[in-house]
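> based on what follows, work out the 3D shape:
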Amino acid sequence: MFDNLSERLDGIFKKLKGQGRLDENNIQEGLREVRLALLEADVNYRVVKDFISRVKERALGQEVLRSLTPGQQVVKIVHEELITLLGGESTPLNLKDIPAIIMLVGLQGSGKTTTAAKLALYLKGQKKKAYLVPADTYRPAAIEQLQKLASEIEVECFPSKASMDPVEIAEKALSHARSNLLDVVIIDTAGRLHIDEPLMEELVRIKERVQPSEILLVADAMTGQDAVNIAESFNNRLDLTGVILTKLEGDARGGAALSICSIIKRPIKFVGVGEKLKDLEVFHPDRVASRILGMGDILTLIEKAQSTFDEEEAERLEEKLLKAEFDLEDFRNQLRKIKRLGSLEGLLKLIPGMGKLRDQLKNAQMPEKELIRTEAIINSMTPQERKNPKIINQSRKERIARGSGTTVAEVNQLLKNFNQMKKMFKKLSGKSKKRTMGLGDGMTSPFGMGAEPSPLPKSTFTKKKKVRKKKKRQKKKGKKRR
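Below is the predicted model:
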């Protein structure tokens, strides 16, 4: 979403860094371009005005003008002010009450129902018992949609009916949650295509009856400037505690994310970054500011890897690799984990300085396609073939190719690559065993810094004696010739 803004700011800061000295004129020129870039990104004009005035005040200070790297100092100031603009720091959910009640509000089409399920899945991962409550009795199939999503993620859902009053649904659901010791109640309220009085009255009544711990506005990040007006209207009537921005993976300009916090003075708590139920992330202002300025986001990358790869499973896999027992079943499992990390393009955004490489790869064939093809081929094999690829003869290869929609040549290539990989791991495991035994080089054990080296076997000493005798003979021959 922030790609266009990132490119514009990157060009502006390169010009500033390229100038040896900065004065009031070139700082003002640079900030004028920053202002235009933010306005083009659909950031609210009031927010842009305040942001530029704060940056200008700091950038014209003596610390920047007298600095050895004034251009970098300006970038540092912009980075710090962007973090402030986005809310300063991430704000956790208020889950002190038992049960904690989270009320989701917003316009129709903003993604409230899906976000309710995403939030329930996130809380389930935090070891919380979530309870979904469909209170949208107006939109056709809204109740059925949330009930279906609840069964997908194996979370309890209140059996609402379209004939029931939304306030009654909320009250009964809360009573059930209390008697069953559930941790969090998530109420999916009704929305409209536009803000109207009946909608607001209903939401106010639900708020008064259940006294929610959190009232979160679910706002579509692609609505741009209008998202700010929507947020102001809901906040004036309901006193919001935070915002969840959806569709942040889209190609909108990103102005809503940069405007909402500053206008309504409420934090963005989560962002929806995809259509899948696991695609909900905690909003970190400092990380988003770093992404906008092309500085990457290593912490998010580490968190993604930690949530995808299990440490115990990694140890079991390592043992299999060392014993050369790694098969196509294990290979497929690892491919699926890599796919869960996201697209290569998305991962490159998180690595500092990789923006240019990402641009170069736009026209290249993405490895995601290769991963899909490889998995399709492995899926077409029988469990026996995956465990023991040596039994795959020509007729089996033809069957696998037909089942996966590929060619026999592609099946052959996969098997060839897999065998080469197994050979490589076998060699590596052989070397590691030699090092552990202390063969020839007297190395210490890799399992501890202070471990004693293993004694050298007799065969090693015998070889060394032969080498010494051979050298003596060669020396004697040389003396005789002289």
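> any regions of the stretch 1-150 of the chain where pLDDT drops low?
Along the stretch 1-150 of the chain, segments meeting pLDDT under 70 span 1-8, 10-23, 61-71.
> show me where it has its strands.
Remark: strands assigned in the stretch 1-150 of the chain by DSSP state E, counting those that start in this stretch are 100-105, 130-134.
> now swap in the stretch 201-350 of the chain and tell me
With DSSP E, counting those that start in this stretch as the criterion, the stretch 201-350 of the chain has strands at 214-220, 242-246, 268-272, 280-282.
> from N379, how far out is R332?
Per CB to CB, to the nearest Å, R332 is found 7 Å from N379. All C-beta spots, glycine's among them, are computed from the backbone N, C-alpha and C.
> likewise Q334?
Counting by CB to CB, the separation of Q334 from N379 is 14 Å.
> sorry, back to before: R332 and N379: which is more packed in?
Applying other CB atoms under 10 Å to R332 and N379 shows that R332 carries more neighbours, namely 17 against 12.
> in what helix or strand does the residue lying closest to that one once chain neighbours are set aside lie?
Nearest residue to R332 in three dimensions, chain neighbours excluded: I378, at 4.6 Å (CB to CB, 6 or more residues apart in numbering). For I378, the element it lies in under DSSP states H and E is helix 367-379.
> by contact count, what packs against that helix?
When contacts are defined as 3 or more CB pairs under 8 Å, 6 or more residues apart in numbering; DSSP states H and E, helix 367-379 packs onto helix 328-340, helix 394-404, helix 408-437.
> thought R54 was touching E81?
Yes. Using CB atoms under 8 Å, R54 is in contact with E81, at 5.6 Å.
> and G125, how many neighbours does it have?
Using other CB under 10 Å, G125 is surrounded by 10 other residues.
> ok, N180 to S110 distance?
30 Å.
> the more surrounded of the two?
Neighbour comparison, N180 and S110: the larger count goes to S110, with 26 against 11 (by other CB under 10 Å).
> ok, the more buried one - contacts?
By CB atoms under 8 Å, 6 or more residues apart in numbering, S110 lies in contact with 191, 218-220, 246.
> for those residues, which one is nearest R58?
A219 (30.2 Å; CB to CB).
> so what's that closest one up against?
For A219, the contacting residues are 106, 110, 227, 230-231, 243-246, 256, 260, by CB under 8 Å, 6+ apart.
> okay, who's weakest in these by pLDDT?
The member of the contacts of A219 with the lowest pLDDT is A256, and it reads 70.
> leaving out sequence neighbours, find the closest residue to it.
Counting by CB to CB, 6+ apart, the residue nearest A256 is A227, at 3.8 Å.
> and R178, by the same measure?
Closest to R178 by CB to CB, 6+ apart is P99, at 6.5 Å.
> and V282, by the same measure?
Leaving aside its sequence neighbours, V282 sits nearest to S90 (CB to CB, 6+ apart; 5.7 Å).
> now that neighbour: how far from V288?
10 Å.
> looking at the two, which is more packed in?
V288 (25 against 17).
> what's the angle from the helix holding I378 to helix 328-340?
Relative orientation of helix 367-379 versus helix 328-340 (axes from the mean of the first three to the mean of the last three CA atoms, to 10 degrees): 150 degrees.
> what is the burial count for the closest residue to A117 other than its chain neighbours?
Distance criterion CB to CB, 6+ apart; nearest residue to A117, sequence neighbours excluded, is L149 at 3.7 Å. Using other CB under 10 Å, L149 is surrounded by 22 other residues.
> ok, back up a step: list the contacts for the residue nearest to R178?
Contact partners of P99, counting by CB under 8 Å, 6+ apart, are 131, 174, 177-178, 182-185.
> so how do I select the buried members of the residues you listed in PyMOL?
The command below creates a PyMOL selection of those among the contacts of P99 that count as buried (16 or more other CB atoms under 10 Å):
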select buried, resi 131+174+177+182+183+184+185
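> the contacts of P99 in helices, which ones?
Among the contacts of P99, DSSP state H puts 174, 177-178 in helices.
> quick check, nearest of the residues you listed to L293?
Among the ones in helices among the contacts of P99, and counting by CB to CB, the member closest to L293 is A177, at 43.3 Å.
> hmm, E329 is touching P389, no?
No. With contact defined as CB under 8 Å, E329 does not reach P389; the gap is 10.3 Å.
> give me the pLDDT for E318.
Per-residue confidence (pLDDT) for E318: 64.
> scratch that, S175
Looking at S175, its pLDDT stands at 92.
> would you mind measuring from it to V210?
10 Å.
> neighbour count winner among the two?
Neighbour totals were compared for S175 and V210, and V210 leads with 18 against 10 (other CB under 10 Å).
> wait, the residue nearest to R332 sits on D327?
No. Here I378 does not reach D327: they are 10.1 Å apart, not a contact under CB under 8 Å.
> these two - which one has more neighbours?
It is I378, of I378 and D327, that has more neighbours when counted by other CB under 10 Å, with 22 against 15.
> got a list of what that one touches?
328, 331-332, 335, 386, 414.
> buried ones among those?
Using 16+ other CB under 10 Å as the burial test, the contacts of I378 include 328, 331-332, 335, 386, 414 as buried.
> now those as CSV including distance to I372?
CSV is the format used below for the buried ones among the contacts of I378 (distance: CB to CB, whole Å):
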residue, distance to I372
L328, 16
F331, 14
R332, 12
L335, 9
R386, 17
L414, 13
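> got the domain boundaries for this protein?
Domain ranges of the chain: 3-85, 100-295, 310-425, per automatic domain parsing.
> out of the ones you listed, which comes closest to R473?
That would be domain 310-425 among these, by CB to CB, at 39.7 Å.
> ok so, going back, including distance to G272 and mean pLDDT, could the helices and strands packed on helix 367-379 go into a markdown table?
What follows is the helices and strands packed on helix 367-379, written out as a markdown table (distance: least, CB to CB, whole Å; pLDDT from 0 to 100):
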| stretch | distance to G272 | mean pLDDT |
| --- | --- | --- |
| helix 328-340 | 17 | 74 |
| helix 394-404 | 33 | 91 |
| helix 408-437 | 36 | 72 |
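> reformat the ones you listed as JSON lines; add distance to V271.
Listed next are the helices and strands packed on helix 367-379 as JSON lines, based on distance: least, CB to CB, whole Å:
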{"stretch": "helix 328-340", "distance to V271": "18"}
{"stretch": "helix 394-404", "distance to V271": "36"}
{"stretch": "helix 408-437", "distance to V271": "37"}
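> wait, which of those helices is closest to L280?
Nearest of the helices and strands packed on helix 367-379 to L280, taken as CB to CB: helix 328-340 at 14.5 Å.
> about what we covered before: nearest to M421, of the contacts of I378?
Distance to M421, by CB to CB, is smallest for F331 among those, at 8.2 Å.
> can you pull the contacts of that closest one?
Listed by CB under 8 Å, 6+ apart, the contact set of F331 reads 378, 418.
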